[in-house]
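In: My questions are about this predicted structure, shown below with the sequence.
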Amino acid sequence: MVHARGVHAVTALPFPLVIALVAGPAPDALDAPDAAATEGEPASAEPEPTSTTPEPASAEPEPASATSEPASATSDAAAPAPRPPRIDGPYLGATMFGGLGLLRVNDFDTPGPFSVAGATASVGQMVFPWLGLGLHGGGSGGVRSADGARQRLGQGHLGVEFKFVPLPKRLPLLSLRTSFGFGGGAVRQEGIAQRSGFGGAQFSGAVRYELFPWAARRRPYRGGGFGLGPELGWVGFTPAAAGRPMSNVVYLALTTTFYFGS
């Protein structure tokens, strides 16, 4: 009977509970603490959003880099075009001058200076931005009234001209001119039929500054143009020996030159 009661007591339990007591704890139940521990750390179970999604700063370009190219293009477009050279190419020129002359001849006494006026002409070519070659010639006349005697002067010359632009970038309108050649002249005195003269080698030098008032409007993209300006210079006929005839004229001139451009 005792045995029968025991069986009856066992069989009186619910069937699922009996299966659980006989089979022991389920394998999933053993791993439950680990699962609970895993569920307690949601940060490690789920991936960080920053590791899967790209950063906005790296996806879009910076505003400074996007606007750098238009700024450089605008600066290039706003840069002014270089000005063409004005003292450039073949040229034709003329000068009108006035000055003082110191002369010496054999037959007359000329102790005082002569008032001199004259004109010159030149033709040439600028072979380099700083150097021009050409031909130069002209003539002048003068008078002197002193000591009861009136004297008249006439002289002329023809030579080779060298034109230098020493600072073509800083002072492109400033030029130096030198020439050498040959020529001569004579002096006449009132009341005397004969004349006394000089001749031989001739030299000259001058400094000139030219302005081109109409070139910017008429020739904005071409070199050359019509230039005019002052010139300070010297023309000399040197004596062949000590005490021989000679002439030296220091003058101030108004120059006009047309440069055809290259």
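Out: Sure, I can see it. Numbers count the residues shown, from 1 in each chain.
In: so the residue lying closest to Val105 once chain neighbours are set aside is in which element?
Out: Using Cβ to Cβ, 6 or more residues apart in numbering and skipping the chain neighbours, the partner closest in space to Val105 is Ser196 (3.8 Å). Any C-beta I mention is one placed from the backbone N, CA and C, and that applies to glycine too. Using DSSP states H and E, Ser196 maps to strand 195-209.
In: Neighbours of the residue nearest to Val105, how many?
Out: 18 (other Cβ atoms under 10 Å).
In: If it is in a bridge, with which residues?
Out: Val187 (DSSP bridges).
In: quick one: it from Trp234, how far?
Out: 23 Å (Cβ to Cβ, to the nearest Å).
In: quick revisit: next one: the residue nearest to Val105, what pLDDT does it get?
Out: pLDDT for Ser196: 92.
In: My read is that it contacts Asn106, right?
Out: Yes: with contact defined as Cβ atoms under 8 Å, Ser196 reaches Asn106; the gap is 5.3 Å.
In: Residues that sit against both of those two, list them.
Out: Pro245 (Cβ atoms under 8 Å, 6 or more residues apart in numbering).
In: Ala121 - nearest residue in space that isn't next to it in sequence?
Out: Once flanking residues are discounted, Ala121 sits nearest to Ala94: 5.0 Å by Cβ to Cβ, 6+ apart.
In: so which helix or strand takes in the one you found?
Out: Using DSSP H and E, Ala94 sits within strand 90-104.
In: now swap in Glu161 and tell me
Out: Going by DSSP H and E, Glu161 is in strand 149-164.
In: so what strands line up beside that strand?
Out: strand 131-146 (antiparallel), strand 174-189 (antiparallel).
In: For Ala193, give me its contacts.
Out: Neighbours of Ala193 in contact, by Cβ under 8 Å, 6+ apart: none.
In: tell me the SS of it?
Out: Assigned by DSSP: H, G, I helix; E, B strand; the rest coil, the conformation of Ala193 is coil.
In: Quick check: phi and psi on it?
Out: Dihedral pair for Ala193: phi -70, psi -40, per degrees, to the nearest 10.
In: which sections of the chain are below the confidence cut-off?
Out: For the chain, applying pLDDT under 70 flags the ranges 1-81.
In: ok, Arg150 touching Gln189?
Out: Yes: taking Cβ under 8 Å as the definition, Arg150 is a contact partner of Gln189 at 7.3 Å.
In: Could you check which of those two has the larger neighbour count?
Out: Taking other Cβ under 10 Å, Arg150 and Gln189 do not tie; Gln189 has more neighbours (19 against 13).
In: show me what contacts that one?
Out: If you count contacts by Cβ under 8 Å, 6+ apart, Gln189 has them with Phe108, Ala149, Arg150, Gln151, Arg152.
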